[in-house]
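> turn this into a model:
(one chain, ligands or ions: 3)
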Amino acid sequence: MENFSEWFHEILEKAEITDSRYPIKGMSVWLPYGFQIRRACLNIYRDLLDSEHDEVLFPLLIPEEELAKEGIHVKGFEDEVYWVTHGGQKELNEKLAIRPTSETAMYPMFSLWVRSHIDLPIKQYQVVNTFRYETKHTRPLIRVREITTFAEAHTVHSSPEEAAEQVETGIEIYKELFDEMGIAYLISKRPVWDKFPGAEYTMAFDTIMPDGKTLQIGTVHNLGQTFAKTFEITFENKEGNHEYAYQTCYGISDRVIAAAIAAHGDEKGLILPPRIAPKQITIIPIIFKDGGEEVMAKCLEIKKSLESKGIRVQMDTRDIRPGKKFFDWELKGTPLRFELGPRDLKNNVAILGRRDTGEKIEISLEDDLPSKVEDLLMEIEENLKAKSWKAQEDKLITLESLDNVGEIVDEEKVVKFYWCGEEECGKEIEEETEVDILGINEENIKTDKICPHCGKPAKHVALMAKTY
Ligand SMILES: Nc1ncnc2c1ncn2[C@@H]1O[C@H](COS(=O)(=O)NC(=O)[C@@H](N)CS)[C@@H](O)[C@H]1O
Ligand SMILES: [Mg+2]
Ligand SMILES: [Zn+2]
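Ligands and ions are numbered 1, 2, ... in the order given. Coordinates of the predicted model:
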């Protein structure tokens, strides 16, 4: 784990998550095992969104004139958009953008759909691939050119209060998502110079990766009326007047899977939180020459009893040494392992092994195994989450002065400091320290402290870190 980047690339290959040998930079193949993890993550996401959003699907291609309508937005993406210029042999008379995100695909349609306040609110999401011609160093799952798992939600409201409330809902949804994946996070309001192009403000979730660099794993944007004015999304309000609508959007990507892999992995490989593990327990029959049939029969019986409780079970019956089986499933991060040999059967016991602590627990075959397994899976989920939050706490340091913030972040720390919040001051701080201000973590606090850079009264607690 000394070299996180090396570990990360190796684990994607060895645990058969993705294959980045696809012949286009920044694009990889989801392999079967990785695809199952992705699917489990998306199941959690959809369950959270479906309670008050509708899932939809918009086209991939966006007419240039739509993309170009919102000046700030198109400026923010002009270096990242992929274009389609031909249909077969023919040159298209209008270039088509491949969506880098879907505001300019969706909002012309919202304009058609929204007439009156009774058409509001709209709360929709889609899980699609988006494309961004990233010029910085690409990394699988972390900074890709095809964002294969781009889950974007877009909402339309009849008041600024309701839009602001929806931003809070988006934040709560992401908290719940990251909690279920056991990922610790920091929430901050991005500085004005780093917000989403076209947004009024951006709330961001960052997680501290094992190398001390932060990764933005989710963002929630209050779009105000900017896009409504650009795309004519107006509604007749209760008083019969026409108003521009108020909007939000919030998105996550493949990065949440990268964060779960990074937060919980160790030298042996993946450690998957039970909710996203393709298989939650691996049954390993220890077979010698004799007594094999009884052991297999017992293991099958146990597999069925666990499956009947909805536990995702697999049995490794390959004709190889048990040690190799242990190695394989430790690498793939299966949370629990169940071993049963002929002697255990005779003594009516078995061994349960935890992947997160390495602990081996002897159990009686008379025990209620399904509920024992369910309890252990809960313990593992809580343990992984607690470890992730503890690791984050250990990496946070509050500084009164920014004189040596560069060295501190080089020691893989994330810095909290009291800040005035002024744009000019913030830009000077980033310029001089060459360290990014993630944003405001605690807004408008009571303090008599002064800003370490400009000496003005501090108003907020802000974060600084090296970032991906
Ligand atoms: N090149 C990339 N590779 C992987 N994930 C990315 C990449 N670019 C952005 N993301 C992720 O996608 C999330 C949403 O992207 S965004 O630009 O911040 N926001 C939007 O596009 C809004 N339309 C909300 S969906 C980011 O928070 C980040 O976690
Ligand atoms: Mg970007
Ligand atoms: Zn200042």
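
> so which bits of this structure are right by ligand 1?
With the criterion set to Cβ under 6 Å from any ligand atom, the chain comes near ligand 1 through 101, 103, 132, 134, 143-144, 147, 152, 196, 216-219, 221, 249-255. All C-beta spots, glycine's among them, are computed from the backbone N, C-alpha and C.

> tell me how many other residues crowd Leu177.
Residues near Leu177, counting by other Cβ atoms under 10 Å, number 23.

> please report how far it lies from Tyr250.
In this view, Leu177 and Tyr250 are 11 Å apart by Cβ to Cβ, to the nearest Å.

> list residues touching both of those two?
Residues touching both Leu177 and Tyr250 (Cβ atoms under 8 Å, 6 or more residues apart in numbering): Gly218.

> now the strands for the stretch 351-468 of the chain?
Counting by DSSP state E, counting those that start in this stretch, the stretch 351-468 of the chain has these strands, from start to end: 360-364, 396-398, 414-419, 436-442, 460-465.

> so which of those comes closest to ligand 3?
strand 414-419 (6.0 Å; Cβ to the ion).

> give me the contact status of that closest one with ligand 3.
No - Strand 414-419 lies apart from ligand 3 when judged by Cβ under 5 Å from the ion; the minimum separation is 6.0 Å.

> buried sites along that strand?
Residues Val414, Val415, Lys416, Phe417, Tyr418, Trp419 are the ones in strand 414-419 that count as buried (16 or more other Cβ atoms under 10 Å).

> the second one pairs with what?
Under the criterion DSSP bridges, Val415 forms beta bridges with Ile397, Met464.

> so it makes contact with Val409?
Yes - assessed by Cβ atoms under 8 Å, Val415 is found in contact with Val409 at 6.5 Å.

> residue with max distance from the center of the protein?
Distance from the C-alpha centroid of the chain, by Cα atoms, centre = their mean, peaks at Asp290 (48.4 Å).

> wait, that one touches Pro342, no?
Yes - between Asp290 and Pro342 there is a contact at 7.2 Å, judged by Cβ under 8 Å.

> check the contact lists of those two and give me the overlap.
Common neighbours of Asp290 and Pro342 (Cβ under 8 Å, 6+ apart) do not exist.

> picking up where we left off before, could you export the strands of the stretch 351-468 of the chain as a markdown table, including mean pLDDT?
Output for these, formatted as a markdown table (pLDDT from 0 to 100):
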| stretch | mean pLDDT |
| --- | --- |
| strand 360-364 | 97 |
| strand 396-398 | 98 |
| strand 414-419 | 98 |
| strand 436-442 | 98 |
| strand 460-465 | 98 |
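
> redo the ones you listed as JSON lines? Include distance to Ile122.
Output for these, formatted as JSON lines (distance: least, Cβ to Cβ, whole Å):
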{"stretch": "strand 360-364", "distance to Ile122": "51"}
{"stretch": "strand 396-398", "distance to Ile122": "38"}
{"stretch": "strand 414-419", "distance to Ile122": "36"}
{"stretch": "strand 436-442", "distance to Ile122": "28"}
{"stretch": "strand 460-465", "distance to Ile122": "33"}
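
> just the element for whichever residue of the stretch 151-300 of the chain sits closest to ligand 1, please.
Taking Cβ to the nearest ligand atom as the measure, the stretch 151-300 of the chain has Gly251 as its residue closest to ligand 1, at 2.3 Å. Using DSSP states H and E, Gly251 sits in strand 246-252.

> that strand packs against which elements?
If contacts are counted by 3 or more Cβ pairs under 8 Å, 6 or more residues apart in numbering; DSSP states H and E, strand 246-252 sits against strand 146-157, helix 160-180, strand 214-224, helix 226-231.

> nearest to Leu112, out of those?
Leu112 sits nearest to helix 226-231 of all those, at 9.9 Å, using Cβ to Cβ.

> now do the closest one, average pLDDT.
The predicted model assigns helix 226-231 a mean pLDDT of 98.

> tell me the helices and strands packed up against it.
By 3+ Cβ pairs under 8 Å, 6+ apart, helix 226-231 packs against helix 103-113, strand 246-252.

> can you pull the buried residues of that helix?
Judged by neighbour count (16+ other Cβ under 10 Å), helix 226-231 contains these buried residues: Thr226, Phe227, Ala228, Thr230, Phe231.

> now do stretch 32-45
Neighbour counts over stretch 32-45 (16+ other Cβ under 10 Å) mark Tyr33, Gly34, Phe35, Gln36, Ile37, Arg38, Ala40, Cys41, Leu42, Ile44, Tyr45 as buried.

> could you list which of the residues you listed belong to helices?
Filtering those for membership in helices, criterion DSSP state H, returns Tyr33, Gly34, Phe35, Gln36, Ile37, Arg38, Ala40, Cys41, Leu42, Ile44, Tyr45.

> quick check: the residue of the stretch 201-350 of the chain found nearest ligand 3 vs Leu336, distance?
At 19.0 Å from ligand 3, Tyr201 is the closest residue in the stretch 201-350 of the chain, using Cβ to the ion. Tyr201 sits 43 Å away from Leu336, going by Cβ to Cβ.

> quick one on the thing from earlier: Glu359: which of the helices and strands packed on strand 246-252 is closest?
The nearest among those, by Cβ to Cβ, is helix 160-180 at 23.1 Å.
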